[in-house]
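S.K.: okay, here's the prediction I keep looking at, along with the sequence it came from:
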Amino acid sequence: MFYYKVTCTLDTEVIHENFEDRWEVSSEYKLASVEIYKKSKDTQFCFVSNIHRNSLTIGMISKVDSKIDYYLDAFIKRLAIGITNCDRKETTISGIQALLRYAENNEFISSCEEVGDCVGLGFNRYGRLLVGREFAYDDNVFEEESNQNSIEGSGCYMARSDLEAELKRISSGSKKRVTGHPVHYLLCNEVFSESKALTEVLLNSLYAYNRIKSRRYSNIILSPISDISIFSYENFYKASADSTVIVYLDYKNEKDDEFASNGMDTIKMVCSMVKKYSNDVLTILCVPKACEKTKKQLYEHLGYINLIEICDEPASADSAAEYLKLLARERNVRTDKKLFCKVEEGKSYLASELKETFDLWYSDKLKNVLFPQYRSIDSVKTKVIREEAKGCAYDELMEMIGLDRAKNVINQALDYNKAQKVFADKGMQFDRTSMHMVFTGNPGTAKTSAARLFARIMRDNEVLSRGRLIECGRGDLVGKYVGWTAKIVKDKFREAKGSVLFIDEAYSLVDNRNGMFGDEAINTIVQEMENNRDDVIVIFAGYPDKMEEFLQRNPGLKSRIAYHVPFDDYSVDELCMIADLIAEKKGLILADDAREKLRDVFGIAISDCDFGNGRYVRNVIEKAKMAQASRLLSLDYGSVSSEEVRTIVASDIEMPVQKKEKIRMGFCA
């Protein structure tokens with residue numbers, strides 16, 4: 001099928017002043033189209049698309065590539081319009097559709113559907129090819145050019161061995177026009193831009209030696225998730241008769257399950273059309289070089305079709321250097337040692353690697369050499385790397401006293417997430433690793449506070465979608481009857497989607513209860529941790545010794561813990577800093593003597609096995625406030641200043657009662 005747009009210049013302007021004139025002219029134009037179609041034995045359909053003043057536009061659909069000018073001249077004579085010159089150019093499927101729509105709007109044809117039925121093409125009433133809304137393609141007409149100029153470009157460099165061999169085969173054949181295609185093509189390149197360059201060279205050579213009759217070609221991109229009906233795809237192939245269809249199979253992320261349904265169906269559909277229209281349509285299949293599974297499937301379903309493979313080859317160090325020089329020459333920029341420093345002898349390089357090397361070098365060259373006024377401007381990646389973690393929760397955590405190990409773990413998790421985004425274009429794959437944790441520490445070491453802030457930090461930095469802290473213990477996870485526990489645990493995980501599930505004193509699930517419902521809870525927790533590892537982070541918290549024993553008894557659970565975060569007891573200095581922080585938040589001032597006394601208080605308290613760490617500090621400050629209130633009330637109201645109201649002094653602070661060691665009495669023999 002050949003499509004043409006014919007632009008003619010008229011001797012005189014054509015103006016139809018009334019409806020009767022326009023109706024009579026449109027009737028004549030319709031009749032002329034029918035007469036020429038019958039005269040050509042149903043091979044040439046010519047129609048007037050538009051006429052305006054001294055310009056006439058004609059569309060032409062030809063089923064054969066012979067006598068085109070003959071029937072075009074006959075059609076123009078039948079119109080009985082004086083014409084000074086006429087320019088015929090091949091157009092695309094989209095181009096002929098537009099001409100048909102104009103013709104129908106001007107009432108120069110009965111309808112687009114009728115014309116489509118007449119020439120054997122599926123057009124709807126809007127003049128569009130019946131391929132469905134989900135079907136996207138673009139078509140063009142290539143310009144003839146020198147193959148030598150094209151093959152010397154960077155796009156063909158990595159596949160030049162296979163390409164030169166095929167160009168030699170093409171040129172050694174006869175230029176006699178023969179219907180059909182002895183071979184079709186499979187292009188395997190690192191990137192589709194190289195496939196495009198190779199395609200241009202191939203089509204020019206094939207056209208020059210009469211292997212293809214039309215300069216029209218259509219591009220379509222298909223992937224494992226493409227949802228295109230066989231009806232739409234076949235209509236597209238029918239409309240592409242006598243031209244070239246270039247199919248880009250975007251399967252670069254192929255996985256085993258992608259061939260199970262749509263992916264495999266798409267490949268079968270592509271292969272069936274290649275075989276069915278092998279003599280009418282030249283097909284060029286483009287597949288990413290790494291997609292060996294896709295290639296295998298194509299070969300399995302193409303049957304008797306002969307395929308010429310044109311593939312990229314890894315470049316040696318010398319070839320890599322030449323390729324980089326070629327890229328620089330195309331950019332009209334001089335090379336330097338910095339460009340070639342990453343090319344090492346004895347190594348081979350892929351086109352994508354070399355293009356990345358060149359792009360980085362060229363970007364640096366543009367900014368620092370060609371446009372030095374931008375030398376001080378950071379790249380987007382640099383800004384992302386330097387960017388601080390987002391959110392007030394992160395600032396709040398960093399301001400907390402101590403917790404160095406917890407802070408390191410959180411920073412590591414944020415850095416991992418950031419690195420996957422920053423280095424994605426350098427091949428780092430996105431992989432959400434398990435982030436389940438164990439927080440161990442004595443009471444008052446800020447385990448719950450850190451977990452609550454951690455959840456918000458993960459949300460603020462787009463690691464978790466919701467960032468809530470779902471707190472629970474044994475009573476929230478263990479049911480009263482057989483079969484209840486598993487459902488309760490699953491519901492709790494469902495509630496924690498996109499958030500952190502915080503299980504406090506997790507060992508209480510199984511303490512002295514072997515074989516009871518706690519075991520069912522643990523087994524279900526382990527299962528749900530694995531099933532929801534992408535969007536739920538589980539944190540187990542408790543005393544160090546009990547938590548260690550708990551994990552040793554549950555090896556399946558232990559293996560799923562990514563981070564063990566100990567929350568150490570606070571030192572006296574850290575406790576004093578916490579006291580300052582609590583007092584500041586409460587609007588209080590600690591007098592110097594109060595600070596000294598607090599140091600003594602904390603020195604005594606940390607030796608107590610029941611010491612409450614940060615919680616103990618809060619209690620001391622609360623008691624000091626109460627003692628201060630009693631002290632202030634005993635003073636003369638008029639003599640009390642506003643500063644005194646906010647000041648805690650040493651006498652407000654109670655010294656802890658030291659527990660006396662009991663002396664055991666006994667008798668000696």
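M.R.: Alright, I've got the coordinates.

S.K.: poorly predicted segments of the stretch 501-650 of the chain, please.
M.R.: Scanning the stretch 501-650 of the chain for pLDDT under 70 picks out the ranges 511-517, 609-613.

S.K.: please enumerate the strands of it.
M.R.: 536-542, 563-567, 589-590, 647-648 (DSSP state E, counting those that start in this stretch).

S.K.: closest one to Ala197 among the ones you listed?
M.R.: strand 536-542 (47.5 Å; CB to CB). In this view, the C-beta of every residue, glycine as well, is placed from N, C-alpha and C.

S.K.: what's the spacing between that closest one and its chain's center?
M.R.: Centroid displacement of strand 536-542 relative to its chain, using CA atoms, centre = their mean, to the nearest Å, is 30 Å.

S.K.: give me the residues contacting that strand.
M.R.: Strand 536-542 is contacted from outside by 435-441, 447-448, 451, 454-455, 458, 464, 493, 496-507, 525, 528-529, 547, 550, 561, using CB atoms under 8 Å, 6 or more residues apart in numbering.

S.K.: Ile305 and Leu198, how far apart?
M.R.: 19 Å (CB to CB, to the nearest Å).

S.K.: more crowded one of those two?
M.R.: Between Ile305 and Leu198, counting by other CB atoms under 10 Å, Leu198 is the more crowded of the two (29 against 17).

S.K.: just checking, the more buried one touches Leu187?
M.R.: Yes: if you go by CB atoms under 8 Å, Leu198 and Leu187 touch, sitting 5.5 Å apart.

S.K.: now do the shared contacts for those two.
M.R.: When contacts are counted by CB under 8 Å, 6+ apart, Leu198 and Leu187 have Ala159, Ile310 as shared neighbours.

S.K.: output the below-cut-off pLDDT ranges for the stretch 101-250 of the chain.
M.R.: Where the stretch 101-250 of the chain drops to pLDDT under 70, the residues are 122-135, 145-155, 175.

S.K.: can you tell me, leaving aside adjacent residues, what's nearest to Ala627?
M.R.: Once flanking residues are discounted, Ala627 sits nearest to Asp652: 4.3 Å by CB to CB, 6 or more residues apart in numbering.

S.K.: report how many residues lie close to that neighbour.
M.R.: The burial count for Asp652: 22, using other CB under 10 Å.

S.K.: cool, the one 4 residues further on as well?
M.R.: The local packing count at Pro656 equals 16, with neighbours defined by other CB under 10 Å.

S.K.: now Phe567: how far from Pro555?
M.R.: For Phe567 relative to Pro555 (CB to CB), the value is 24 Å.

S.K.: next one: Leu326
M.R.: 58 Å.

S.K.: so those two - more neighbours on which side?
M.R.: Using other CB under 10 Å, the more surrounded residue of Leu326 and Pro555 is Leu326, with 18 against 9.

S.K.: over to that one: give its phi and psi.
M.R.: phi -60, psi -40 (degrees, to the nearest 10).

S.K.: of the contacts of strand 536-542, grab the buried ones for ChimeraX.
M.R.: Restricted to buried positions by 16 or more other CB atoms under 10 Å, the ChimeraX selection for the contacts of strand 536-542 reads:
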select :435,436,437,438,439,440,441,447,451,454,455,458,464,493,496,498,499,500,501,502,503,504,505,506,507,525,528,529,547,550,561
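
S.K.: what about the strand ranked longest in the chain, distance to the chain center?
M.R.: Assignment by DSSP state E gives strand 44-62 as the longest strand of the chain. Distance of strand 44-62 from the chain centroid (CA atoms, centre = their mean) equals 46 Å.

S.K.: kindly report the same for stretch 67-75.
M.R.: Worked out by CA atoms, centre = their mean, stretch 67-75 lies 52 Å from the chain centre.

S.K.: same question for that stretch, mean pLDDT?
M.R.: The pLDDT scores in stretch 67-75 average 91.

S.K.: quick one: buried residues of it?
M.R.: Ile68, Tyr71, Leu72, Ala74, Phe75.

S.K.: just the ones of these in helices?
M.R.: Under the assignment DSSP state H, the buried residues of stretch 67-75 contribute Ile68, Tyr71, Leu72, Ala74, Phe75 to helices.

S.K.: contacts only, for the third one.
M.R.: The neighbours of Leu72, taking CB under 8 Å, 6+ apart as the test, are Tyr4, Val6, Gln44, Cys46, Ile58, Met60, Cys86, Arg88.

S.K.: look up how far Phe231 lies from it.
M.R.: With CB to CB as the criterion, Leu72 and Phe231 are 33 Å apart.

S.K.: and for Asp569?
M.R.: Distance from Asp569 to Phe231, counting by CB to CB: 73 Å.
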